[in-house]
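Trainee: Got a predicted model here, sequence first, then my questions.
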Protein chains: 2
Amino acid sequence: MRAPTWDRATSGVCDGRMAAGGVAAVPLAARFAALWSSLERVGRDPSTGGYRRFAWTEADRALRDWFAGQAADRGMTCEVDRNGNLWAWDGEAADGAVVTGSHLDSVPDGGAFDGPLGVVSAFLAVDELRDRVDRPRRPVAVVAFADEEGARFGVACAGSRLLTGALDPAAARTLTDRDAVPLAEALRAAGVDPEGLGRDERALARIGAYVELHVEQGRALADLDAPVAVATAIVPHGRWHLAFRGAADHAGTTRLADRQDPMLPFAAAVTSARALAEQAGAVATVGRVQVAPNATNAVPAAVDAWLDARAADDAVLDALVAGVTEAAHAAAHGVQVTCTEESRSPAVRFDAALRDRIRAVLGDVPLLPTAAGHDAGILAAEVPAAMLFVRNPSGVSHSPAETADPEDCVAGIEALAAVLEELACR
Amino acid sequence: MRAPTWDRATSGVCDGRMAAGGVAAVPLAARFAALWSSLERVGRDPSTGGYRRFAWTEADRALRDWFAGQAADRGMTCEVDRNGNLWAWDGEAADGAVVTGSHLDSVPDGGAFDGPLGVVSAFLAVDELRDRVDRPRRPVAVVAFADEEGARFGVACAGSRLLTGALDPAAARTLTDRDAVPLAEALRAAGVDPEGLGRDERALARIGAYVELHVEQGRALADLDAPVAVATAIVPHGRWHLAFRGAADHAGTTRLADRQDPMLPFAAAVTSARALAEQAGAVATVGRVQVAPNATNAVPAAVDAWLDARAADDAVLDALVAGVTEAAHAAAHGVQVTCTEESRSPAVRFDAALRDRIRAVLGDVPLLPTAAGHDAGILAAEVPAAMLFVRNPSGVSHSPAETADPEDCVAGIEALAAVLEELACR
């Protein structure tokens, strides 16, 4: 099925008014509602209500068309960089620009807000800025990073990691999806030359500061009764592959003592991950499992599981993963257990000067750390980076139930516009 | 790929000699080896070495051709009954016959012996009987029951259950495989009229006694240092569907206390199933699991798992399943847990008179209960039924590593021939 493309007619409500009389002629809330609804149907699974916006698919192409359309409607120049990230420039592209944005892709059956809220807010904040300021001192750009969730090729923040060189381009090209399609082939099909992947000095030089607005993915702001927060840090996190290799056997006739059942140490790993995370004030999740041969009346030969763990510091994280592995070994029942680190993101502390400058503009907004990875966390190693979080009343994320109140989204856009004005004009 | 058909050239070694000078001209061990090797390649997966002989597939067709070829080579009349079971008659088909056989299908990546050993042994035991006896008092038949493992349509012993009426034909016709192909369609494609399914009084009347030889699926005979045993009973067993319904959420940012993670009660069910089975002297296995959305960085929304449990009596089995469900509820973490019985086979006690008569022929062979379902267990509700088990040195079954020593297989055929002679001639 061809994914529905973005709704240009709905989006046009906003753009038409802008052309006629500036953004002030239509309240920001109405312009947000119009622009938000233009994305509503893209890549949505009608059966789950969740989004399946995976990198370099038909849904992704529709999202990229939408981005280009938004740039065109505003007279912004749209570019695709060597790593497939999308840029819309307000004025001439130049070094030291103020850049804002996020990503448009989703996890499987993800929510509408994680990513797109930052891109939609970025375009509307640029509209606000234009309405207030004739000629900013620095250029402003909106960015949509490619493949932030890593849902298809397994590496999160692929677009920003390639841009900074944190992901080796040769390794990236050979990443494959579940149908064994290599990233290189997917890129070529989408018109991006895979040989161009890699650290992009020119693109990096252009980023004077990066500010990413994102829906909060927990309930801290709901508890604090505040619509917007500024990020302090991203806690260290990673993914580990737990492989359990036992022996297939008859489920009825094989004595328990004679079995090497990989489901048993796997279950011990799940239980211990939760218990150890609770003890450590960390989080640990086993969300993906594969069983072979996966037959009701056979002891499995193999279980493969993936552990996602995040903790306040690296030592706690290491101890947590070691504890899970130890618990699996303790319940091995003759099964071979291995734990392999698949990815690891060290702690990120966002630029303190930039953060203080933002708080000076926004007033006494809460400061929050986060346990989620973001492109802003990758860029923070190279350029001053900051994040704004918008309240999520339920705290639910990576789910069709993910949401944010429209008033909070408007508060986020207003905060982002104020930050852009500060950074681009002062 | 077209499955390789059976090796008529190899099989012919045996049949040619038979025609020339009776079975005694070639040692039974050589005839077993030749006939066994004629099946070796049918439905074998070259990558795992395991068999994928699923009902009404191309591999199944090759096995059925093989059966018909064996019947023809011996001048036996081959019939397919209304439920797709194969019969080869030594002499005129008539009521009260002595029937022996097993099944030819396999579990996914199953072993060579579970099923086919009983059919190969049946043909060779008929050869032995013919060599010893000119005119048995009762007719003898070899049978291969359809779809014993239920690997494709989910119902074990489908052929014998349909024959006895234990499986409703209307329900059977609508069973579907994982590609949503209904059994009715698969039968039609194989030339069997699905409207003919159902209890078959004529076929049942013809079975005076049924004796099934089967590879042992545990290590009891290895421990007892005996090649052959007689079955006493099949312990009660069943399959239960455990459904865990939680809420998808972000693996990094959702506080542990806010999660409804279905992996946690699932893990508790796995751990408790093993512990409770150990306490009860039963067996319990979780061999099949499905997770949604099955993403590394998302708390799952749902886990579905299947529990296979078998115990010495029905009360112990009920208590075991109740205990597993209770353990899952105790670790629910807000997740909805349901347990649904998908199939249940009550205890089977094989006919005591037939068993005693067999033991009188075979001498003091061990008596064994089994925790595996068999067509003989289904037929036992209708006709005198018995089973012989052949030693399995490793105890491994439902696995490519399943095996039996050729000398033990020959001992099994000799035992079966002696039993046929007793039942058909005395």
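Mentor: Yep, that arrived. Numbers count the residues shown, from 1 in each chain, chains lettered A, B, ... in the order given.

Trainee: for the stretch 301-426 of chain A, what spans make up the strands?
Mentor: Listed in chain order, the strands of the stretch 301-426 of chain A (DSSP state E, counting those that start in this stretch) span A:302-310, A:336-345, A:348-349, A:367-370, A:385-390.

Trainee: among those strands, which is nearest A:Arg239?
Mentor: strand A:336-345 (4.5 Å; CB to CB). Just so you know, the C-beta spots here come from the backbone N, C-alpha and C atoms, and that holds for glycine as well.

Trainee: Which strands border the closest one, and is each parallel or antiparallel?
Mentor: Strand A:336-345 has its sheet partners listed here by DSSP bridges as strand A:237-245 (antiparallel).

Trainee: longest helix of chain A?
Mentor: helix A:406-425 (DSSP state H).

Trainee: Taking the stretch 101-250 of chain A, what residue is nearest to chain B?
Mentor: A:Gln217 (3.3 Å; CB to the nearest CB).

Trainee: And that residue, how far from A:Ala371?
Mentor: Distance of A:Gln217 to A:Ala371, given as CB to CB, to the nearest Å: 8 Å.

Trainee: which residues are common contacts for those two?
Mentor: Between them, A:Gln217 and A:Ala371 share these contacting residues under CB atoms under 8 Å, 6 or more residues apart in numbering or on different chains: B:Gly252, B:Thr253.

Trainee: list the contacts for the residue in chain A sticking out farthest from the centre?
Mentor: No residue in chain A sits farther from the centre than A:Thr253, which is 47.8 Å out by CA atoms, centre = their mean. With contact set as CB under 8 Å, 6+ apart, A:Thr253 has these partners: B:Glu216, B:Gln217, B:Gly218, B:Val283, B:Thr370, B:Ala371, B:Ala372, B:Gly395, B:Ser397.

Trainee: before we move on, what about A:Trp87?
Mentor: By CB under 8 Å, 6+ apart, A:Trp87 lies in contact with A:Cys78, A:Glu79, A:Val80, A:Asp81, A:Ala93, A:Ala141, A:Val142, A:Val143, A:Ala203.

Trainee: any idea which element A:Arg188 lies in?
Mentor: Following DSSP states H and E, the helix or strand that holds A:Arg188 is helix A:183-189.

Trainee: And for that helix, what's in contact with it?
Mentor: Identification of contacts with helix A:183-189 by CB under 8 Å, 6+ apart yields A:55-56, A:84, A:152-153, A:158, A:172-177, A:193-194, A:197.

Trainee: What subset of these is buried?
Mentor: A:Ala55, A:Trp56, A:Gly84, A:Arg152, A:Phe153, A:Ala158, A:Ala172, A:Leu175, A:Asp177, A:Pro194, A:Leu197 (16 or more other CB atoms under 10 Å in any protein chain shown).

Trainee: Now the second one. Nearest residue, chain neighbours left out?
Mentor: Right, A:Trp56. Leaving aside its sequence neighbours, A:Trp56 sits nearest to A:Ala186 (CB to CB, 6 or more residues apart in numbering or on different chains; 4.0 Å).

Trainee: Check the gap between the one you found and A:Asp45 for me.
Mentor: Here the criterion is CB to CB. By it, A:Ala186 lies 20 Å from A:Asp45.

Trainee: which of those two has more neighbours?
Mentor: More crowded of A:Ala186 and A:Asp45, by other CB atoms under 10 Å in any protein chain shown: A:Ala186, with 23 against 13.

Trainee: ok, and the closest non-adjacent residue to A:Gly96?
Mentor: Nearest to A:Gly96 is A:Gly208, by CB to CB, 6+ apart, at 3.6 Å.

Trainee: quick one: the one you found is in a helix?
Mentor: No. Applying DSSP: H, G, I helix; E, B strand; the rest coil, one finds A:Gly208 to be strand, outside a helix.

Trainee: residues in contact with it?
Mentor: With the criterion set at CB under 8 Å, 6+ apart, A:Gly208 makes contact with A:Asp95, A:Gly96, A:Ala97, A:Val98, A:Val99, A:Arg138, A:Val383, A:Pro384, A:Leu423.

Trainee: and the angle from the one helix or strand the fourth one maps to to helix A:406-425?
Mentor: Remark: A:Val98 resides in strand A:97-103, with elements defined by DSSP H and E. Going by axes from the mean of the first three to the mean of the last three CA atoms, to 10 degrees, strand A:97-103 is angled at 150 degrees with respect to helix A:406-425.

Trainee: does strand A:97-103 come close to chain B?
Mentor: No. Using CB under 8 Å from any CB of the partner chain, strand A:97-103 stays clear of chain B, coming no nearer than 13.8 Å.

Trainee: ok, residues contacting that strand?
Mentor: Under the contact criterion CB under 8 Å, 6+ apart, strand A:97-103 has outside partners A:89, A:115-119, A:121-122, A:125-126, A:136, A:138-149, A:159, A:206-214, A:374-375, A:416, A:420, A:423-424.

Trainee: Dump the helix or strand following that strand to CSV, restricted to CA.
Mentor: Next in sequence after strand A:97-103, counting helices and strands by DSSP H and E, comes helix A:116-132. Provided in CSV are the C-alpha atoms of helix A:116-132 (Å, rounded to 0.1, in the frame of the first residue of the first chain):
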residue,chain,number,x,y,z
PRO,A,116,7.7,15.5,14.5
LEU,A,117,6.7,17.9,17.3
GLY,A,118,10.2,19.4,17.2
VAL,A,119,10.1,19.8,13.4
VAL,A,120,6.6,21.3,13.3
SER,A,121,7.6,23.6,16.2
ALA,A,122,10.8,24.6,14.4
PHE,A,123,8.9,25.8,11.3
LEU,A,124,6.3,27.7,13.4
ALA,A,125,9.0,29.2,15.6
VAL,A,126,10.7,30.5,12.4
ASP,A,127,7.4,32.0,11.4
GLU,A,128,7.2,33.7,14.8
LEU,A,129,10.8,35.0,14.5
ARG,A,130,10.1,36.4,11.1
ASP,A,131,7.0,38.2,12.4
ARG,A,132,9.1,39.8,15.2
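
Trainee: list the helices and strands helix A:116-132 packs on?
Mentor: helix A:28-37, strand A:86-90, strand A:97-103, strand A:140-145, strand A:207-215, helix A:406-425 (3 or more CB pairs under 8 Å, 6 or more residues apart in numbering or on different chains; DSSP states H and E).

Trainee: please redo it, this time with the cut-off set to 7 Å
Mentor: helix A:28-37, strand A:97-103, strand A:140-145, strand A:207-215, helix A:406-425 (3 or more CB pairs under 7 Å, 6 or more residues apart in numbering or on different chains; DSSP states H and E).

Trainee: now it and helix A:406-425, what's the angle there?
Mentor: 60 degrees.

Trainee: ok so, going back, what lines up beside the strand holding A:Val98 in the sheet?
Mentor: strand A:140-145 (parallel), strand A:207-215 (parallel).

Trainee: That one: how far from the chain's middle?
Mentor: Centroid separation between strand A:97-103 and its chain, computed with CA atoms, centre = their mean, to the nearest Å, is 14 Å.

Trainee: quick one: average confidence on it?
Mentor: In this model, strand A:97-103 has a mean pLDDT of 98.
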